[in-house]
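Participant: everything below, folded, please.
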Amino acid sequence: MPEKLKDILFPPNKVKLFATVLKEVYPEFNTEKFSNSVCDSNWAERELKEKMRHTTLCLFQFLPKNFAKTVEILKAIVPKVTGFESIVLPDYVEVYGQEHWDISLPALGALTKCGTSEFAIRSFLNKDLKAAMKFMNRWADDKDFKVRRFASEGCRPRLPWGLGVPALKKDPSLVLPILEKLKNDPEEFVRKSVANNLNDISKDHPVLVLDICERWQGTSKNTDWIIKHACRTLLKQGNKRAMLLFGFANPEKMQIENLEISNRSPKIGEEINFSFNLNLKTDKKQKVRLEYIFHFVKSLGKTSPKVFQMKELEMEPGLHSIVKKHSFKNLSTRKHYPGKHKLEIVVNGIVKASDTIKLT
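Facilitator: Predicted coordinates for the structure are as follows:
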């Protein structure tokens, strides 16, 4: 059985190494008591974020109670800390620095260089959005690409695993100047964050994102990549304006014929093959986006759709044979349940054929 992320990223030996690094810059630090306090009887059972917060609370016991002095210690170990433990540093600032914005916000910009402060900034955004976003705007101009990436990633309206920021979901206007600054950043790491931020915004404000993407299209190779990645949710939803933006033709003359499934009663853990013919009844080449959707049965019996991309290319008129394999193996991100699963074949955002299998 594969190891869980919570066991890989912060094992006890890394806790001891973390303690050693702290002692190098703060000689009074009690490495043994700290390590024992962190790796208590419940350590192995804690989930990843629980381990982070528990470590933060333990740090408070062994570092100076003067917040400014502790922040200087944390900043001093930045060059020596990597991995999951680096996220503990900004978490400490989030927990104990809410009343010290003049120290906390600049510290998050410094601490993000060894890991990321994207999760810690969220509570500050919720407390005073305009004040926190002023710092985000400054970080977007930083010479360090990790800080610039933080400027975008930290204010994503729907940051995975991060605290929600309802105000940014409702009105992302304060985010847009940052994305404008970073849309041609030389670092792909930063540009990917810009695309992910726009994709987040598209889930609540699709017209706004499409307006931006249409304006950015053709500006450079970098912006063209960003807008394609930013529109991935809209494309999966079959948004007509997004389809046209990337040259996907109206699928009216594109037909799916002879959909066949190799095994209609697979077991959980098995694979199936399905095949079909795509018939392009057109006069010339067409840009085609082929996807399939499985409506997975969930634990309570309801179904939830999941879109999978097959291919995206220009295709000649006529008949094209397509074969695809799909696995029903359980994953860390998806668990399968027995029941009737619906399969749909999607051409340029429109469902063109469907069938069912019974997973056992």
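Participant: could you grab the helix/strand/coil label for the residue in the chain sticking out farthest from the centre?
Facilitator: In the chain, counting by C-alpha atoms, centre = their mean, residue 283 sits farthest out from the average C-alpha position, at 40.5 Å. With DSSP: H, G, I helix; E, B strand; the rest coil as the basis, residue 283 sits in coil.
Participant: who's in contact with the nearest residue to residue 133 once chain neighbours are set aside?
Facilitator: Of all residues not flanking residue 133 in the chain, residue 174 sits nearest, at 4.7 Å (C-beta to C-beta, 6 or more residues apart in numbering). Glycine gets a C-beta too; all of them are placed from N, C-alpha and C. Residue 174 makes contact with 129, 130, 133, 155, 168, according to C-beta atoms under 8 Å, 6 or more residues apart in numbering.
Participant: returning to what we had before: grab the nearest non-local neighbour of the residue farthest from the centre of the chain.
Facilitator: Closest residue to residue 283 apart from its sequence neighbours, by C-beta to C-beta, 6+ apart: residue 317 at 6.7 Å.
Participant: okay, that neighbour: pLDDT?
Facilitator: According to the prediction, residue 317 has pLDDT 92.
Participant: could you do residue 6 as well?
Facilitator: 60.
Participant: please begin residue numbering at 528 from this point
Facilitator: Sure, I'll start counting at 528 from here, so that last one is residue 533.
Participant: can you show me the strands along this protein?
Facilitator: 781-788, 798-807, 813-824, 830-842, 845-854, 866-874, 877-886 (DSSP state E).
Participant: closest one to residue 625 among those?
Facilitator: Of all the strands of the chain, strand 830-842 sits nearest to residue 625, with 37.3 Å by C-beta to C-beta.
Participant: ok, the residue nearest to residue 810 to residue 782 distance?
Facilitator: Per C-beta to C-beta, to the nearest Å, residue 844 is found 12 Å from residue 782.
Participant: picking that back up, wait, which of the strands of the chain is closest to residue 614?
Facilitator: strand 830-842 (29.2 Å).
Participant: can you give me the angle the closest one makes with strand 798-807?
Facilitator: Taking axes from the mean of the first three to the mean of the last three C-alpha atoms, to 10 degrees, one finds strand 830-842 and strand 798-807 inclined to each other by 50 degrees.
Participant: strand 830-842 pairs with which strands, parallel or anti?
Facilitator: When pairing is defined by DSSP bridges, strand 830-842 lines up against strand 813-824 (antiparallel).
Participant: show me what counts as buried in the partner strand.
Facilitator: Within strand 813-824, the residues scored as buried using 16 or more other C-beta atoms under 10 Å are 813, 815, 816, 817, 818, 819, 820, 821, 822, 823, 824.
Participant: and the residue nearest to the third one when sequence neighbours are not counted, how many neighbours?
Facilitator: The reference is to residue 816. Residue nearest to residue 816 in three dimensions, not counting chain neighbours: residue 839, with 4.8 Å by C-beta to C-beta, 6+ apart. The tally of other residues near residue 839 (other C-beta atoms under 10 Å) stands at 15.
Participant: next: residue 540.
Facilitator: 10.
Participant: again with the one 5 residues further on
Facilitator: By other C-beta under 10 Å, 26 other residues sit near residue 545.
Participant: which residues touch it?
Facilitator: If you count contacts by C-beta under 8 Å, 6+ apart, residue 545 has them with 608, 612, 615.
Participant: try 7 Å
Facilitator: By C-beta atoms under 7 Å, 6 or more residues apart in numbering, residue 545 lies in contact with residue 612.
Participant: residue 601 now?
Facilitator: 616, 619, 638.
Participant: need the pLDDT of it.
Facilitator: For residue 601, the model assigns a pLDDT of 96.
Participant: so the nearest residue to residue 674 once chain neighbours are set aside versus residue 659, what's the distance?
Facilitator: Excluding the flanking residues, the one nearest residue 674 by C-beta to C-beta, 6+ apart is residue 666, at 5.0 Å. According to C-beta to C-beta, residue 666 stands 11 Å off from residue 659.
Participant: between these two, which one's more packed in?
Facilitator: Between residue 666 and residue 659, residue 666 has the larger neighbour count (other C-beta under 10 Å), namely 26 against 22.
Participant: got the domain ranges for this protein?
Facilitator: Split into domains by automatic domain parsing, the chain comes to 528-644, 660-773, 778-886.
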